[in-house]
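[1] sequence plus predicted model, see below.
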Amino acid sequence: MNIKGLTNKVDVINSVIDNIENSNFVNAVDTLNELKEIEMKSTIYDGKVYDYKKNKYVSFDEFKAKQTEQSLGK
C-alpha cells in the first residue's frame, strides 16, 4: 500500500482525520477513495475477487477453481 506516501492503514486513517480537522475535505475524500480501491482489490467484495491477471472482478468460485488448477499444475 502506498497512498500519498503512507504505507499502512493507521497512517492513512490518521491523515484523513487530520485533513478533516483542517477542513481539507477534498483531500480526505481522495485519500479514502484510494484506500477503498485498495481494499476492494484485496478482499472479497460482493462475492467477487479482483483478478490482477484479468484486471477485473471474477466470481469467487471462478477464482478458487483457477487457484486449484494452478496448484495442480494444469
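    In hand now; what should we look at? Numbering: from 1, shown residues only.
[2] so which helix or strand takes in the spatially most central residue of the chain?
    The residue lying closest to the centre of the chain (Cα atoms, centre = their mean) is residue 38, at 1.8 Å. Residue 38 is located in helix 25-42, with elements delineated by DSSP states H and E.
[3] and for the helix or strand that that helix is followed by, what's in contact with it?
    Beyond helix 25-42 in the direction of the C-terminus, DSSP H and E gives the next helix or strand as strand 48-51. Contacts with strand 48-51, where a contact means Cβ atoms under 8 Å, 6 or more residues apart in numbering, come from 40, 41, 42, 56, 57, 58, 59, 60, 63, 66. Bear in mind the C-beta positions are built from the backbone N, C-alpha and C, glycine included.
[4] what is the helix holding residue 38 packed up against?
    If you count contacts as 3 or more Cβ pairs under 8 Å, 6 or more residues apart in numbering; DSSP states H and E, helix 25-42 packs onto helix 9-21, strand 48-51.
[5] sorry, back to before: closest to residue 16 out of the contacts of strand 48-51?
    Lowest distance from residue 16 to the contacts of strand 48-51 (Cβ to Cβ) belongs to residue 40, with 17.1 Å.
[6] please report how far that closest one lies from residue 71.
    Distance of residue 40 to residue 71, computed by Cβ to Cβ, to the nearest Å: 25 Å.
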